[in-house]
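1. can you look at this prediction? I've put the sequence above it.
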2 protein chains.
Amino acid sequence: MPLSEHTESVQDYLKTIFDIQREHGRVATTALAERLGNSPASVTGMIKKLAALNLVEYEPYQGVVLTPAGEKIALEVIRHHRLIERYLAEALGVPWDQVHAEAEKWEHVLSEDLEDRIDAVLGYPTTDPHGAPIPKRDGTLPPPHTTRLSDLQTGQSATIAEVSDHDPAMLRYFAELGLRPGVDVTVVAVAPFGGPLTVRLDDVEHAVGREVAGYVAVCDVTPVG
Amino acid sequence: MPLSEHTESVQDYLKTIFDIQREHGRVATTALAERLGNSPASVTGMIKKLAALNLVEYEPYQGVVLTPAGEKIALEVIRHHRLIERYLAEALGVPWDQVHAEAEKWEHVLSEDLEDRIDAVLGYPTTDPHGAPIPKRDGTLPPPHTTRLSDLQTGQSATIAEVSDHDPAMLRYFAELGLRPGVDVTVVAVAPFGGPLTVRLDDVEHAVGREVAGYVAVCDVTPVG
DNA sequence: GTAATGATTTAGGCATTCCTAAAACCAGTC
DNA sequence: GACTGGTTTTAGGAATGCCTAAATCATTAC
């Protein structure tokens, strides 16, 4: 039953299914294959194994959904991942845009005992360095953010709440811009049809009042005022 | 060439071969199999692979010796292992007799960057919590200790230098006795034929002057006076 | 010198997880 | 209702690393 009973592969599949499921509901084989960097054929094979373990519900050609058991494990893996990201950034000074890859490896070797120690040393944090919430030990996770930068009108202000860490290049881009969780921004201009927008960073060190443009619209935000 | 080019299995084999080689010179298949918990047949198979990679010299029926390339990797793995043990004990408060198992998993996922950060946070330590020396980045490692408790005469004093961590049960036993690196002891009695001996612990908290008997003779020591 | 004993290797298999190529399926278009 | 394009699954295979059982080797004892 515990996390450590499953292979790293299984853990990675469940974690990724959870991620996609939060965005799209049912998880298609191809979407999963793309995110994992495996071929669709391989994914089909593993899906059958997960279904046999009662970790996902699988209807051929219809994609998968996590069972409660699968979701429980996914949340444990994600908790490990985000706690470690936070720990690497805070205790070891790893730049926040580089912690993801490292955590990807460490999440699989973290014992429950060490998880508790790290959690305590950090003072029981609630988010990782990208702003994503850390699941509680009991599997509790707040609902996803509902507003993105692209939802704002020109002139509106907001606080960056969470930055996606799926694409390393985009993450580095955000880091260079100074666009990280906690930063206040104001929308200066919006391209038509939901294209790139320009924002003013209100209180970033070295960049007060600086304006940046580009594909920053995918950030989750908490609107201000 | 770098450590991460090799599988965890290969890393474990090289590390273990290095360990045994330090004690016994040439490494027999059976000795390796026992230490790794694998069957001798499996070990033969892997040895052939290591030989093909030029990491060991292998003469059938004659055991193996590490090549310079193999030794380099072994020392990197051991450096990872001991640095992590030290880190777990010092930064996360893991009891010193329990760090080994945890480090066994973590050693394989430590990047060079993180190795440097951990090394710096610890202030560039030279030994792990069992008293074993941490190889330097360039692969330097001091020669093994030459004196064991069992080499001492009744009445002689010494400082515990290193405690073997191969057997978890024995390690727990040492921890319970308070017999850890840095502790000063005096030999009170010696059984004949190199059997168990009795020592007085001179400066252990809660145990000043306490005497313990049993198989404590395997500890490495630095004789005093 | 030969025979027994223990160490080592070979032979044959199994589990995991991935791959490519080919077949099957599904949905939207004409 | 058949076609077509994209999605998904099946079929067949490869690499890794482990196992047991059976042969082979080396050494020690007599």
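-> All right, it came through fine. Numbering: from 1, shown residues only, chains lettered A, B, ... in the order given.
2. what's around residue A:140, how many residues?
-> Around residue A:140 sit 9 other residues, with neighbours defined as other C-beta atoms under 10 Å in any protein chain shown. Backbone N, C-alpha and C define where each C-beta goes, glycine included.
3. also residue A:21?
-> Neighbour count for residue A:21, taken as other C-beta under 10 Å: 19.
4. same check, this time on residue A:158
-> 24.
5. just the strands in chain A please.
-> Ranges of strands in chain A, per DSSP state E, are A:56-58, A:64-66, A:157-162, A:184-190, A:197-201, A:211-214, A:220-224.
6. domains in chain A, by residue range?
-> A:1-142, A:149-224 (automatic domain parsing).
7. which bits of chain A sit near DNA strand D?
-> Residues of chain A lying close to DNA strand D (C-beta under 7 Å from any atom of the strand) are A:28-31, A:40-41, A:43-45, A:47-48, A:58, A:60-61, A:63.
8. what's the ChimeraX line that selects buried ones from those residues?
-> Restricted to buried positions by 16 or more other C-beta atoms under 10 Å in any protein chain shown, the ChimeraX selection for those reads:
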select /A:28,29,31,43,47,58,63
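9. in helices only, show me the residues of chain A next to DNA strand D.
-> A:29-31, A:40-41, A:43-45, A:47-48 (DSSP state H).
10. list, out of the residues you listed, those positioned next to DNA strand C.
-> Checking those against DNA strand C (C-beta under 7 Å from any atom of the strand), the matches are A:41, A:45.
11. the ones in helices among the residues of chain A next to DNA strand D: which two are farthest apart?
-> The largest separation in these, counting by C-beta to C-beta, is between A:31 and A:48 at 17.2 Å.
12. what residue ranges in chain A score low on pLDDT?
-> Confidence mapping of chain A against pLDDT under 70 gives the ranges A:1-2, A:192-196, A:202-213, A:225.
13. ignoring the adjacent residues along the chain, who's closest to residue A:224?
-> Closest residue in space to residue A:224, ignoring its immediate chain neighbours: residue A:157 at 4.4 Å, by C-beta to C-beta, 6 or more residues apart in numbering or on different chains.
14. now swap in residue A:50 and tell me
-> Using C-beta to C-beta, 6+ apart and skipping residues adjacent in sequence, the residue nearest residue A:50 is residue A:56, 4.5 Å away.
15. got it, and residue A:89?
-> residue A:129 (4.4 Å).
16. over to residue A:118?
-> residue A:87 (5.1 Å).
17. residue contacts, the one you found?
-> Contact analysis of residue A:87 by C-beta atoms under 8 Å, 6 or more residues apart in numbering or on different chains lists A:118, A:121-122.
18. residues from chain A in reach of DNA strand C?
-> Listed as neighbours of DNA strand C in chain A under the rule C-beta under 7 Å from any atom of the strand: A:7-10, A:36-39, A:41-42, A:45-46, A:49, A:60-61.
19. at 6 Å what do you get?
-> In this structure, chain A approaches DNA strand C at residues A:7, A:9-10, A:38-39, A:41-42, A:45-46, A:61, judged by C-beta under 6 Å from any atom of the strand.
20. closest to DNA strand D out of the residues you listed?
-> Nearest to DNA strand D, judged by C-beta to the nearest atom of the strand, of the residues of chain A next to DNA strand C is residue A:41 at 3.1 Å.
21. just put the residues of chain A next to DNA strand C in CSV and tack on distance to residue A:169.
-> Converted to CSV, the residues of chain A next to DNA strand C look like this (distance: C-beta to C-beta, whole Å):
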residue, distance to residue A:169
A:7, 29
A:9, 25
A:10, 28
A:38, 21
A:39, 23
A:41, 28
A:42, 25
A:45, 30
A:46, 27
A:61, 33
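22. look up how far residue A:29 lies from residue A:38.
-> 10 Å (C-beta to C-beta, to the nearest Å).
23. got it, and residue A:154?
-> Where residue A:29 is concerned, residue A:154 sits at a distance of 40 Å (C-beta to C-beta).
24. before we move on, the earlier item: now, of the domains of chain A, which is deepest in the fold?
-> Ranked by mean neighbour count under mean count of other C-beta atoms under 10 Å in any protein chain shown, the domains of chain A are led by domain A:1-142, which reaches a mean of 18.
25. could you dump the strands of chain A into CSV with distance to residue B:80 added?
-> As requested, these are exported to CSV (distance: least, C-beta to C-beta, whole Å):
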stretch, distance to residue B:80
strand A:56-58, 36
strand A:64-66, 35
strand A:157-162, 33
strand A:184-190, 41
strand A:197-201, 40
strand A:211-214, 40
strand A:220-224, 37
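26. closest one to residue A:100 among those strands?
-> Closest of the strands of chain A to residue A:100 is strand A:157-162, at 13.3 Å (criterion: C-beta to C-beta).
27. what lines up beside that closest one in the sheet?
-> Partners of strand A:157-162 in the sheet, by DSSP bridges, are strand A:184-190 (antiparallel), strand A:220-224 (antiparallel).
28. now find how far off-centre the last one is within its chain.
-> Strand A:220-224 sits 17 Å away from the centroid of its parent chain (C-alpha atoms, centre = their mean, to the nearest Å).
29. okay, angle between that strand and strand A:197-201 too, please.
-> Between the axes of strand A:220-224 and strand A:197-201, defined by axes from the mean of the first three to the mean of the last three C-alpha atoms, to 10 degrees, the angle is 60 degrees.
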